[in-house]
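>>> just coords:
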């Protein structure tokens, strides 16, 4: 499972206007390319599951994390191998990844899920019922100190090397309850960044992430809560707001959800028993 190193930053020429001054200069952008995820059972052919726009890098983790959080795979031990695939011309573009499994997968489930989330959104109670089948509610604990939480945004930001170069990427990071960084990934898509973290944990045989705190840039959507719950992450934090469905899902799955985590301020939307000095 050796992954090819890809370019995460693309340089372009821009015309920069500053007041009355105009000059040509290079600018660095976050690379965005499509990646097709395929899954192949022990005796079947590789079936396309989804195409996602992503920043190259940690592609195998992204593929594995996506398949797990969308319910195509339920056990990381079922993964036999992960590899890039040739395009139809026989040329290697490193934009098609096949996950080979030891048991028959359910690619139709992911195609249905992906089509819904990409077009018309989720449908409230029915979707909440479904994720409760896919994963159990989190157990009680662990507890994290408020002083640790308020330090997480700066720790997340300090590790965003591609964001430093481009200013245009989301990040997802898992931290121990003492604030130590476990894993962090960047991507143009916030969901992709989290899938990369979950894929990393799966490939490291570290799931569930039951003693971890998830910190994400941007807002918390329903999908972020869903993916965190499937990975067993009990505490989800963001620098921005959660959506109403994210809060509903977090309550039903017994997660702690923290929003507007900036400077010394944060809001606890549910699960405050896991946060010391917040009760």
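Now that the structure is in, tell me what you want to look at. Fair warning: this is a prediction, and the values are worked out from it, not measured in the lab.

>>> Quick one: residues contacting residue 274.
141-144, 234-235, 256 (Cβ atoms under 8 Å, 6 or more residues apart in numbering). Any C-beta I mention is one placed from the backbone N, CA and C, and that applies to glycine too.

>>> now swap in residue 215 and tell me
Per Cβ under 8 Å, 6+ apart, neighbours of residue 215: 152-153, 155-156, 172-175, 237-238, 261.

>>> before we move on, back to that, and the contacts of residue 274, which of them are in strands?
In this view, the contacts of residue 274 that belong to strands under DSSP state E are 144, 235, 256.

>>> Would you map the helices across the chain?
Under the criterion DSSP state H, helices of the chain are mapped to 59-69, 107-119, 125-134, 146-149, 152-158, 161-166, 190-203, 222-230, 244-252.

>>> which residues does residue 158 contact?
Applying Cβ under 8 Å, 6+ apart, no residues contact residue 158.

>>> low pLDDT regions in the stretch 1-150 of the chain?
1-6, 86-93, 106-134 (pLDDT under 70).

>>> and with 80 instead?
1-12, 20, 27-30, 86-93, 104-135 (pLDDT under 80).

>>> can you pull the pLDDT of the residue positioned nearest the centre of the chain?
Geometric centre of the chain, nearest residue: residue 194, 1.4 Å, by Cα atoms, centre = their mean. Looking at residue 194, its pLDDT is 96.

>>> So residue 81 versus residue 255, what's the distance?
Applying Cβ to Cβ, to the nearest Å, the value for residue 81 to residue 255 is 32 Å.

>>> swap that for residue 159, sorry
24 Å.

>>> ok, these two, which is more surrounded?
The residue with more neighbours, out of residue 159 and residue 255, is residue 255; 24 against 16, by other Cβ atoms under 10 Å.

>>> Could you save the ones in strands among the contacts of residue 274 as TSV and add columns showing distance to residue 207 and neighbour count?
Converted to TSV, the ones in strands among the contacts of residue 274 look like this (distance: Cβ to Cβ, whole Å; neighbours: other Cβ atoms under 10 Å):
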residue	distance to residue 207	neighbour count
144	20	26
235	16	27
256	19	24
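
>>> Name the nearest of those relative to residue 104.
Closest to residue 104 out of the ones in strands among the contacts of residue 274 is residue 235 (34.6 Å), distances taken as Cβ to Cβ.

>>> got a list of contacts for stretch 141-150?
175, 177-179, 210-211, 213, 234-235, 237, 258, 261, 263-266, 273-278.

>>> Generate a PyMOL selection restricted to the buried entries among those residues.
In PyMOL, this line selects whichever of these come out buried by 16 or more other Cβ atoms under 10 Å:
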select buried, resi 175+177+179+211+213+234+235+237+258+261+266+274+275+278
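
>>> Sort out for me which of the contacts of stretch 141-150 are in strands.
Those of the contacts of stretch 141-150 lying in strands (DSSP E): 175, 213, 235, 237, 258, 261, 265-266, 275-276.
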